[in-house]
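S.K.: Using only what follows, build the 3D model:
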Amino acid sequence: LGRGPYLPHAPHPQDHRPRHPAGTIPSRYPACRSPSGNDVPFGGFMNTIRRAVAPLLVCLLLLPLLLRDSALAAADQNRPAGDKAWRVIYVEGGPFSDYQRIFQGLALGLEERGLIRNGHVPLPKDSEEVRGMWEWLHRHAGGNRLVFLADGFYSAEWDSRQREKVRQDVLRRIREKKDVDMVLAFGTWAGQDLAAQDLPVPVIVSSVTNAVDAGIIPSVEDSGRDNLIAPIEPDRFKRQVLLFHDIFAFKKLGIAYEDTPAGRSSIALNEIEDAARELGVTLLRCTDTFDIQDTDLASERLLACHKKLVEQGAEAVYLTYNVGLQASAMRNVLQPLADAHIPTFSQLGVPDVVHGALLSVAQSNAAEEGRFSAGLVEAILKGARPRDLSPVFESPVSMALNLFMATLIGWNPPLEVLAAVDEFYQEMK
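M.R.: A predicted model of the protein is given here:
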């Protein structure tokens, strides 16, 4: 149903075991002498045996140690130039479920590439926090290529005042303490705060709706800074709208969002508008202030928007990133749409489907972005300049479906839709 994700040019780690031509032993092994062939009196026979056997016994005793040293030496020769343990830190604007899934995919990708021994980071339950996942990786990752610093987790907790403090703390640590070799920046806040700096360490920015629109990189072709790369999936959300339309063939699509530069950028509004123009679909809009600390108020405003979109005649609603889509409020917020038998597609993904959105992309899609970032890490460790790497990747097409919501709106999914669904949910949690 879709092409596999682009992978950076760096190959997977090669087998580091020493290889020797058949029948040969490295020259560093001491020679084991044979018994003398000279004429020796019978009485000196045992002395001759002892002189012959002693070196053989020494060889046999030393051989395991010599083989081990030879293997380590061969592995050292095969490692890329500049091999070292890279000290890594993590920076985010605040907790977000998307960061969890991408980070989990990143850890698995690092294990698959041999950069760590254990990347099976457990996903927290009933929490959007990544901090626990970072602490787990610090304790269990293993290997000698990457060190996830115990005090290397930074989060602004979605507080604009805390955001500036985090930025200053990270910059001071990199420039003055100089104990950081790589930064994993998750989300628009972290990406913007670190992309604008001339830093001496690589910065990989993940989980940004559109890094170009957010001003993190100037274009898909060039990150603008030697140390910076921001993975980007061109037209990702446009393709979601096109997929949604393929299923329901709606003529009027409703969206709710905050009509500010940050609000429009965070939902990739330009991609949604492009899709609507291409399809000849009318885009019905409801705008309000959603990016606030009071999540209950944000949910009330989103509920009012959904009622308004129903009144305007929306035939489908694309659920954009919104603070009002809290798990505890989802059922209430979506009720007007369910009552009007209006299908929904979540821009966020599986977390919204779990709580009642009809459709979205499957969880594996976020994990693929993480695996892609793992490839970037490997390439950088092997000497690549971040700016020279391609940031473009494309996730496979797979969906998640809430069967309970399908029943509520009276929709019986056709077989071709079911065939594209990887994850089914039977209830609204």
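
S.K.: Using CSV, list the CA coordinates for stretch 100-118.
M.R.: Output of stretch 100-118 as CSV, limited to C-alpha atoms (Å, rounded to 0.1, in the frame of the first residue of the first chain):
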residue,chain,number,x,y,z
GLN,A,100,6.9,8.5,23.1
ARG,A,101,6.2,6.4,20.0
ILE,A,102,8.9,8.0,17.9
PHE,A,103,11.4,7.7,20.8
GLN,A,104,10.5,4.0,21.1
GLY,A,105,11.1,3.5,17.4
LEU,A,106,14.4,5.3,17.7
ALA,A,107,15.6,3.0,20.5
LEU,A,108,14.6,-0.1,18.5
GLY,A,109,16.4,1.3,15.4
LEU,A,110,19.5,1.9,17.4
GLU,A,111,19.5,-1.7,18.6
GLU,A,112,18.8,-3.1,15.1
ARG,A,113,21.9,-1.2,13.9
GLY,A,114,24.1,-2.5,16.7
LEU,A,115,24.6,0.9,18.4
ILE,A,116,23.0,-0.2,21.7
ARG,A,117,22.3,-3.7,23.1
ASN,A,118,18.8,-3.2,24.3
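
S.K.: List of residues touching that stretch?
M.R.: Contact with stretch 100-118 is made by 12-13, 90, 119-121, 123-124, 128-130, 133-134, 137, 140-143, 145-146, 184, 186, 206-207, 349-350, 363, 366-375, 377-378, 381, as judged by Cβ atoms under 8 Å, 6 or more residues apart in numbering. C-beta: built from backbone N, CA, C; applies to glycine.

S.K.: Now a PyMOL select for only the buried ones of these.
M.R.: To isolate the buried ones among the contacts of stretch 100-118 in PyMOL, judged by 16 or more other Cβ atoms under 10 Å, type:
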select buried, resi 13+90+119+121+124+129+130+133+134+137+141+145+146+184+186+206+207+349+350+363+366+367+368+369+370+371+372+373+374+375+377+378+381
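
S.K.: The contacts of stretch 100-118 in helices, which ones?
M.R.: Of the positions in these, 133-134, 137, 140, 350, 363, 366-375, 377-378, 381 sit in helices, assigned by DSSP state H.

S.K.: Which parts of this structure are strands?
M.R.: For the chain, the strands defined by DSSP state E occupy 86-92, 146-155, 182-186, 203-206, 228-229, 252-257, 282-287, 316-319, 344-346, 359-361, 399-402, 421-425.

S.K.: Nearest to Ser390, out of the ones you listed?
M.R.: Ranking those by proximity to Ser390 (Cβ to Cβ) places strand 228-229 first, at 8.8 Å.

S.K.: Okay, now the sheet partners of the closest one, with direction.
M.R.: strand 203-206 (parallel) (DSSP bridges).

S.K.: from memory Leu381 sits against Ala85, does it?
M.R.: No - with contacts counted by Cβ atoms under 8 Å, Leu381 stays clear of Ala85, the gap being 10.2 Å.

S.K.: tell me, what's touching these two both at once?
M.R.: In contact with both Leu381 and Ala85: Arg145, using Cβ under 8 Å, 6+ apart.

S.K.: mind listing what Val421 touches?
M.R.: By Cβ under 8 Å, 6+ apart, the contact set of Val421 is Ala362, Ser398, Met399, Ala400, Leu401, Pro413.

S.K.: any idea how far Leu415 is from it?
M.R.: 11 Å (Cβ to Cβ, to the nearest Å).

S.K.: swap in Trp189?
M.R.: Counting by Cβ to Cβ, the separation of Trp189 from Leu415 is 43 Å.

S.K.: more neighbours, the two?
M.R.: Taking neighbours as other Cβ atoms under 10 Å, Trp189 and Leu415 compare with Trp189 leading, 23 against 6.

S.K.: Just the pLDDT for the more buried one.
M.R.: Listed pLDDT for Trp189 reads 95.

S.K.: Can you tell me how far it is from Ile216?
M.R.: Computed as Cβ to Cβ, the Trp189 to Ile216 distance reads 10 Å.

S.K.: Also Ala268?
M.R.: Remark: distance between Ala268 and Ile216 (Cβ to Cβ) = 14 Å.

S.K.: likewise Lys307?
M.R.: Look at Lys307 and Ile216: by Cβ to Cβ, they are 36 Å apart.

S.K.: Likewise for Phe248?
M.R.: Going from Phe248 to Ile216 by Cβ to Cβ gives 33 Å.

S.K.: out of those two, which sits in the more crowded spot?
M.R.: More neighbours surround Ile216 than the other of Phe248 and Ile216, with 26 against 16 (other Cβ under 10 Å).

S.K.: can you tell me which residues contact the more buried one?
M.R.: Residues near Ile216 by Cβ under 8 Å, 6+ apart: Thr188, Gly191, Gln192, Ala195, Val205, Val208, Leu228, Ala230.

S.K.: same check, this time on Gln197
M.R.: Residues near Gln197 by Cβ under 8 Å, 6+ apart: Leu171.

S.K.: Repeat that for Val201.
M.R.: If you count contacts by Cβ under 8 Å, 6+ apart, Val201 has them with Ile174, Val180, Asp181, Met182, Val183, Asn227.

S.K.: What separation is there between the spatially most central residue of the chain and Arg117?
M.R.: Taking Cα atoms, centre = their mean, the centroid of the chain lies closest to Gly370, which sits 2.0 Å from it. Distance of Gly370 to Arg117, given as Cβ to Cβ: 18 Å.

S.K.: neighbours around the spatially closest residue to Glu129 that is not a sequence neighbour, how many?
M.R.: Closest residue to Glu129 apart from its sequence neighbours, by Cβ to Cβ, 6 or more residues apart in numbering: Pro95 at 4.9 Å. Using other Cβ under 10 Å, Pro95 has 16 other residues around it.

S.K.: That concludes my questions; thank you for your assistance.
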